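>>> Provided below are the primary sequence and the corresponding predicted coordinates.
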Number of protein chains: 2
Amino acid sequence: MASTLELLEEHRLFGGWQQRYRHRSATLNADMTFSIFLPGPKRDAPPPVVYFLAGLTCTDENFATKSGAQRVAADLGLVLVMPDTSPRGEGVANDEGYDLGQGAGFYLNATEAPWKPHFRMYDYINEELPALIASNFHVSDRQAIMGHSMGGHGAIMLALRNPARFRSASAFAPIVNPMEVPWGQKAFSAYLGDDRQAWREYDSCWLMRQASSTPPLLIDQGDSDQFLADQLHPERLEAIAQEKGFPLTVRIQPGYDHSYFFIASFVEDHLRFHAEHLLA
Amino acid sequence: MASTLELLEEHRLFGGWQQRYRHRSATLNADMTFSIFLPGPKRDAPPPVVYFLAGLTCTDENFATKSGAQRVAADLGLVLVMPDTSPRGEGVANDEGYDLGQGAGFYLNATEAPWKPHFRMYDYINEELPALIASNFHVSDRQAIMGHSMGGHGAIMLALRNPARFRSASAFAPIVNPMEVPWGQKAFSAYLGDDRQAWREYDSCWLMRQASSTPPLLIDQGDSDQFLADQLHPERLEAIAQEKGFPLTVRIQPGYDHSYFFIASFVEDHLRFHAEHLLA
């Protein structure tokens, strides 16, 4: 069933277009909003796509308004797709906590009540949204993925499970080992139930241990990030990558925190990293 | 009376620091908040300061989070100071309209009730805030000023009235002739009363007609700006500058609107324009 895109907003930006669309998602059984940046004409070939997955409490708009990424995407000729972080709306289950329910989909397919009917962000990001983008915009099939915090988890996890699809993946302050940290344990027990076997398919540390290869990976982490000690642990993923010889670069950025000011400071490096693999 | 700065927020950003402060303003008789970007060390001399005045409904945070200006300021070695757009708080008069009262100070000194006791943004921006910055931060006395919409009016008006103080001024979609447009007429009649003689000191077109010289001026204006036809009229200021031989450049940017996406697209040009005059 073809999904119809409703244009909500459109702004000229760095010689390209920043747009915002609403569409009915069959996967999530909900009306979803996403933002997209379309660069001005740069070369004859259709532009590759970089997905950005946002963190807890965010929508498609945080990265769109605060990251400054479009300047670099315009320069490199990259399309940026910025989905929402969960299904939303009146019929969609929710929780009082900022870290569960709407705004906190964790990029997985829920198997437990009351989340199961709508919370299928893994399939939405992995299948429905790319198909929607491919059928509505002039883009190449080359794709990369990046994200922040919960979205950094999503980006690396999706890339590890689909190494042929994503040419590269990167993250700012990602949750790399959700099975073993409070944010992940709360979300996974609610969405996936108590069987920890089911959690592993969404844990980047576990996935990397099973992997035979990975796309090139880049992680930036501020050392003044208030969530670093309890929730993030990039050193765990780094140790596995080193042991297995996988192409992961982890950069610790002194003084930087968990905010979009941190993202803005290094987003150019991430997009140039992706361009290197997407435009090669 | 020395004003004490209370640090509210601090983030590392592009190798410098983004900070947010609260202080008691004697001029406005109110607690005020401003944001400041301090670039990392660039050269031995203390860095010059560029003031950014925001538009209707905005605070000190809009430009700080959405413009991407700090990347360029860090590169050029410029301090950015981002004040709020009006006094605020419980004892401060307000109006139901978005274009009068709190969030809509119009950078003037009100003479009419109920605005007079607090709405003195002209003196705040022109005297109290620069003195506060000079006494609390390591900055040079070289200054430039820029703004957006109502803040573009503020920036050009302040520069025309103080040509020796500001080395350059620039604006995105400024209100250049507030006496003759609905936003300005509503605000000026409320803040300044019905005597239009009193309005002229805050009207850039009138001020430029009286001027014997001006600092270098740059204006960017999107031609898809929904306020262009009724509220902005940059061609009126341009005509006066041409007639008098003043250094004003007006650039019409095709397809761009009134949003911060427009500002983000051209803020680098503005900061390089200011740097040329501040660092010469």
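Perfect, thanks for sending it.
>>> okay, CA-based contacts and neighbour counts for the rest of this
Will do.
>>> any idea how far A:Gln70 is from the most far-flung residue of chain A relative to its centre?
For chain A, the residue at maximal distance from the C-alpha centroid (C-alpha atoms, centre = their mean) is A:Asp44, at 27.8 Å. From A:Asp44 across to A:Gln70, the span is 20 Å (C-alpha to C-alpha, to the nearest Å).
>>> Identify the residue nearest the geometric centre of chain A.
Chain A, centroid-nearest residue using C-alpha atoms, centre = their mean: A:Leu53 at 2.4 Å.
>>> pretty sure that one contacts A:Leu80?
No: if you go by C-alpha atoms under 8 Å, A:Leu53 and A:Leu80 don't touch, sitting 10.6 Å apart.
>>> follow-up on the earlier one: who are the contact partners of the residue nearest to the centre of chain A?
A:82-85, A:145-148, A:150-152, A:154-155 (C-alpha atoms under 8 Å, 6 or more residues apart in numbering or on different chains).
>>> change it to 7 Å
A:82-83, A:146-148, A:151-152, A:154-155 (C-alpha atoms under 7 Å, 6 or more residues apart in numbering or on different chains).
>>> so which of these is the most crowded?
Counting neighbours by other C-alpha atoms under 10 Å in any protein chain shown, the top entry in the contacts of A:Leu53 is A:Gly154, with 33 neighbours.
>>> quick one: the strand or helix carrying it to chain centroid distance?
Here A:Gly154 sits within helix A:150-161, counting by DSSP states H and E. Relative to its chain's centre, helix A:150-161 lies at 6 Å (C-alpha atoms, centre = their mean, to the nearest Å).
>>> and it, what does it pack onto?
strand A:49-53, strand A:143-148, strand A:166-172, helix A:204-210 (3 or more C-alpha pairs under 7 Å, 6 or more residues apart in numbering or on different chains; DSSP states H and E).
>>> I'd like the next helix or strand past the first one.
Looking back up the chat, that one is strand A:49-53. helix A:61-66.
>>> now that following helix: mean pLDDT?
Averaging pLDDT along helix A:61-66 gives 98.
>>> what does that helix rub up against?
With contact meaning C-alpha under 7 Å, 6+ apart, helix A:61-66 is reached by A:35, A:260, B:65-66.
>>> Quick check: next helix or strand after it?
Next in sequence after helix A:61-66, counting helices and strands by DSSP H and E, comes helix A:69-76.
>>> Tell me which other helices or strands that next one touches.
Counting by 3+ C-alpha pairs under 7 Å, 6+ apart, helix A:69-76 packs on helix A:260-278.
>>> Near chain B, which residues of the stretch 1-150 of chain A are found?
A:11-14, A:65-66, A:68 (C-alpha under 7 Å from any C-alpha of the partner chain).
>>> out of everything not next to it in sequence, what's closest to A:Ser259?
Nearest residue to A:Ser259 in three dimensions, chain neighbours excluded: B:His11, at 7.9 Å (C-alpha to C-alpha, 6 or more residues apart in numbering or on different chains).
>>> A helix includes the one you found, no?
No: according to DSSP: H, G, I helix; E, B strand; the rest coil, B:His11 belongs to no helix; its state is strand.
>>> Isn't it up against B:Gln18?
Yes: B:His11 lies in contact with B:Gln18 (C-alpha atoms under 7 Å); the separation is 5.1 Å.
>>> Can you name the residues in contact with stretch A:182-196?
Residues contacting stretch A:182-196 (C-alpha under 7 Å, 6+ apart): A:99-100, A:110-112, A:115, A:178-179, A:198-199, A:231.
>>> Going by neighbour count, which of those residues comes out on top?
Counting by other C-alpha under 10 Å, top hit in the contacts of stretch A:182-196: A:Pro178 with 27 neighbours.
>>> how close does that residue get to chain B?
26 Å (C-alpha to the nearest C-alpha, to the nearest Å).
>>> before we move on, what about A:Ile240?
30 Å.
>>> Give the buried residues for the helix or strand where that residue lies.
Applying DSSP H and E as the criterion places A:Ile240 in helix A:234-244. Buried residues in helix A:234-244, counted by 16 or more other C-alpha atoms under 10 Å in any protein chain shown: A:234, A:237-238, A:240-241.
>>> Nearest to B:Arg24 among those residues?
A:Pro234 (42.6 Å; C-alpha to C-alpha).
>>> Would you mind stating the distance between that closest one and B:Gly68?
Taken as C-alpha to C-alpha, the span from A:Pro234 to B:Gly68 is 28 Å.
>>> Likewise for A:Ser213?
Taking C-alpha to C-alpha, one finds A:Ser213 at 37 Å from B:Gly68.
>>> Give the residue from those two that has the larger number of neighbours.
B:Gly68 (27 against 15).
>>> who's in contact with that one?
With the criterion set at C-alpha under 7 Å, 6+ apart, B:Gly68 makes contact with A:68, B:264.
>>> which of the contacts of helix A:61-66 sit farthest apart?
A:Ser35 and B:Thr65 (17.9 Å).
>>> Between the two, which is the more surrounded one?
Neighbours per residue (other C-alpha under 10 Å) separate A:Ser35 from B:Thr65, with A:Ser35 holding more: 25 against 20.
>>> partner residues bridging the residue lying closest to the more buried one once chain neighbours are set aside?
Once flanking residues are discounted, A:Ser35 sits nearest to A:Arg20: 4.3 Å by C-alpha to C-alpha, 6+ apart. Beta-bridge pairing for A:Arg20 (DSSP bridges): A:Glu9, A:Ser35.
>>> so what pLDDT did A:Arg20 get?
98.
>>> hang on, the earlier thing: need the contact partners of the helix holding A:Gly154.
A:53-56, A:106-107, A:145-147, A:166, A:169-176, A:202-204, A:207-208, A:214.
>>> ok, back up a step: given the helix or strand following the helix holding A:Ile240, what are its sheet partners and their directions?
Reading on from helix A:234-244 to the C-terminus, the next helix or strand found by DSSP H and E is strand A:248-253. Applying DSSP bridges, strand A:248-253 is found paired with strand A:217-222 (parallel).
>>> Using PDB, write out the CA atom coordinates for the partner strand.
Once non-C-alpha atoms are left out, strand A:217-222 reads as follows in PDB (Å, rounded to 0.1, in the frame of the first residue of the first chain):
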ATOM      1  CA  LEU A 217      32.300   2.900  12.400                       C
ATOM      2  CA  LEU A 218      33.000   6.300  14.100                       C
ATOM      3  CA  ILE A 219      32.000   7.300  17.600                       C
ATOM      4  CA  ASP A 220      32.500  10.700  19.300                       C
ATOM      5  CA  GLN A 221      32.100  10.900  23.100                       C
ATOM      6  CA  GLY A 222      32.500  13.900  25.300                       C
END
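>>> Can you list the buried residues in it?
In strand A:217-222, counting by 16+ other C-alpha under 10 Å, buried: A:217-222.
>>> and for that strand, what are the contacting residues?
A:168-173, A:247-258.
>>> Weed out the non-buried ones from the residues you listed.
Using 16+ other C-alpha under 10 Å, the buried ones in the contacts of strand A:217-222 are A:168-173, A:248, A:250, A:253, A:255-258.
>>> Now compare those and name the two farthest from each other.
Between all members of these, the farthest pair (by C-alpha to C-alpha) comes out as A:Ser168 and A:Gly255, at 26.7 Å.
>>> The helix holding A:Gly154 vs strand A:166-172, what angle?
Angular relation of helix A:150-161 and strand A:166-172 on a 0 to 180 degree scale: 150 degrees, by axes from the mean of the first three to the mean of the last three C-alpha atoms, to 10 degrees.
>>> what angle separates helix A:150-161 from strand A:143-148?
Using the same axes, to 10 degrees: helix A:150-161 against strand A:143-148 is 150 degrees.
>>> Can I get helix A:150-161 in CSV, CA atoms only?
Taking C-alpha atoms only, helix A:150-161 is exported to CSV below (Å, rounded to 0.1, in the frame of the first residue of the first chain):
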residue,chain,number,x,y,z
MET,A,150,19.6,6.3,22.1
GLY,A,151,19.8,7.1,18.4
GLY,A,152,23.5,6.2,18.5
HIS,A,153,22.5,2.8,19.8
GLY,A,154,20.0,2.6,17.0
ALA,A,155,22.5,3.6,14.3
ILE,A,156,25.2,1.2,15.3
MET,A,157,22.8,-1.7,16.1
LEU,A,158,21.1,-1.3,12.7
ALA,A,159,24.5,-1.2,10.9
LEU,A,160,25.8,-4.3,12.7
ARG,A,161,22.6,-6.2,11.8
